[in-house]
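Q: coords please:
(one chain, ligands or ions: 1)
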Amino acid sequence: MRAGKTTGNPPASNAFLQCSNCKKTLFRREFEQNLMVCPACDHHHRMSAEQRIEATFDEGTFEELDANLTSIDTLTFPDYAEKLEQAIAKTGRNDGMIAGKADIVGQPCYVALSEFAFMGGSMGSVAGEKVTRTLERAAKDRIPAVIFCTSGGARMQEGLLSLMQMARTTAAAELCRQAGAPFITVFTDPTMAGVLASYASIADVILCEPKALVGFAGARVSKQAQVVKAPDNFQSAEFCLQKGMVDRVVHRRELRDTLGSLAAMLAGGVR
Ligand SMILES: [Zn+2]
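A: Numbering: from 1, shown residues only. Alright, predicted model coming up:
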């Protein structure tokens, strides 16, 4: 990791857009006010990190931590350095994982969330470090850790350094358990592979956005490996709920209040 430059602004937007699910033309303003949920079909579109921060945390309380951490191309993986530079230029961020401290309906929490536009929210050494620090800080201060997952999985360009983050983040979650600090994850579309198979799945409470893609291998690879045919929706939020893998599927409109009450209620136990 190395320190790098920070921030930038999202690109300017048009007045209209099309819902990727029902194909209706929507007013961007109305769509954004509706938290990127289609007013016609209720499809939950992906949010940027900025939109997620605005929709979830109490106004003006988000304080970003470790924003200057950037991955280095240890393996000199083909095109990685170039891709990193492009992602930094495109998103104005040094990594796809954003960590910090914020209040959620008055409850102070350590938080982390992904920017999918930064290399698919993939977990490299920086994302792993930020999740680990978030959980360590929550354990130390004995306040809740709330982590939003939006990721295609581990970042292949960092090889073992990336896979190692699965073990590191899992170990950090154990610190929260020992300290009695509540740990909550929210699966958003998509929560896949190395992220699902590490810290995301071992939280005290797991919430999920409707119809989010949740799984380990992609649909094509899974199909090839199946001995018994899995149902078509087996990688959906709703299927995970049915099988007990997530605790609740929550509409985005209710997510902030649900997180706030959960965090406050669970934090009450450690005061
Ligand atoms: Zn729609």
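Q: Send me the helix ranked longest in the chain as PDB with only the CA atoms.
A: In the chain, with assignment by DSSP state H, the single longest helix is helix 159-179. In PDB, the C-alpha atoms belonging to helix 159-179 read as follows (Å, rounded to 0.1, in the frame of the first residue of the first chain):
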ATOM      1  CA  GLY A 159      -3.200 -12.900  -6.000                       C
ATOM      2  CA  LEU A 160      -2.500 -14.300  -2.500                       C
ATOM      3  CA  LEU A 161      -2.300 -10.800  -0.900                       C
ATOM      4  CA  SER A 162      -5.900 -10.500  -1.900                       C
ATOM      5  CA  LEU A 163      -6.900 -14.000  -0.700                       C
ATOM      6  CA  MET A 164      -5.100 -13.300   2.600                       C
ATOM      7  CA  GLN A 165      -7.700 -10.600   3.300                       C
ATOM      8  CA  MET A 166     -10.300 -13.200   3.800                       C
ATOM      9  CA  ALA A 167      -8.500 -14.600   6.800                       C
ATOM     10  CA  ARG A 168      -7.500 -11.200   8.200                       C
ATOM     11  CA  THR A 169     -11.000  -9.800   8.100                       C
ATOM     12  CA  THR A 170     -12.500 -13.000   9.600                       C
ATOM     13  CA  ALA A 171     -10.000 -12.800  12.400                       C
ATOM     14  CA  ALA A 172     -10.900  -9.100  13.000                       C
ATOM     15  CA  ALA A 173     -14.600 -10.000  13.200                       C
ATOM     16  CA  GLU A 174     -13.600 -12.400  16.100                       C
ATOM     17  CA  LEU A 175     -12.200  -9.400  18.000                       C
ATOM     18  CA  CYS A 176     -15.600  -7.800  17.800                       C
ATOM     19  CA  ARG A 177     -17.200 -10.900  19.200                       C
ATOM     20  CA  GLN A 178     -14.700 -11.100  22.100                       C
ATOM     21  CA  ALA A 179     -15.300  -7.400  22.900                       C
END
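Q: Okay, now the sheet partners of the helix or strand following it, with direction.
A: Downstream of helix 159-179, the first helix or strand assigned by DSSP states H and E is strand 183-192. Here strand 183-192 is paired, per DSSP bridges, with strand 145-151 (parallel), strand 205-208 (parallel), strand 214-215 (parallel).
Q: Could you identify the helix or strand that succeeds strand 183-192?
A: helix 193-196.
Q: now that next one: mean pLDDT?
A: For helix 193-196, mean pLDDT rounds to 90.
Q: looking at it, residue 15 is touching residue 25, isn't it?
A: No. With contact defined as C-beta atoms under 8 Å, residue 15 does not reach residue 25; the gap is 10.3 Å. No exception for glycine: its C-beta is placed from N, CA and C like everyone else's.
Q: if we can go back for a sec, turn the strands paired with strand 183-192 into TSV, including mean pLDDT.
A: Shown next, in TSV, are those (pLDDT from 0 to 100):
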stretch	mean pLDDT
strand 145-151	95
strand 205-208	96
strand 214-215	86
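Q: Distance to the ion added to those strands, as JSON lines?
A: What follows is those, written out as JSON lines (distance: least, C-beta to the ion, whole Å):
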{"stretch": "strand 145-151", "distance to the ion": "20"}
{"stretch": "strand 205-208", "distance to the ion": "20"}
{"stretch": "strand 214-215", "distance to the ion": "21"}
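Q: Buried deepest among those, which one?
A: strand 145-151 (a mean of 28; mean count of other C-beta atoms under 10 Å).
Q: Run the chain-centre distance for it.
A: 3 Å (C-alpha atoms, centre = their mean, to the nearest Å).
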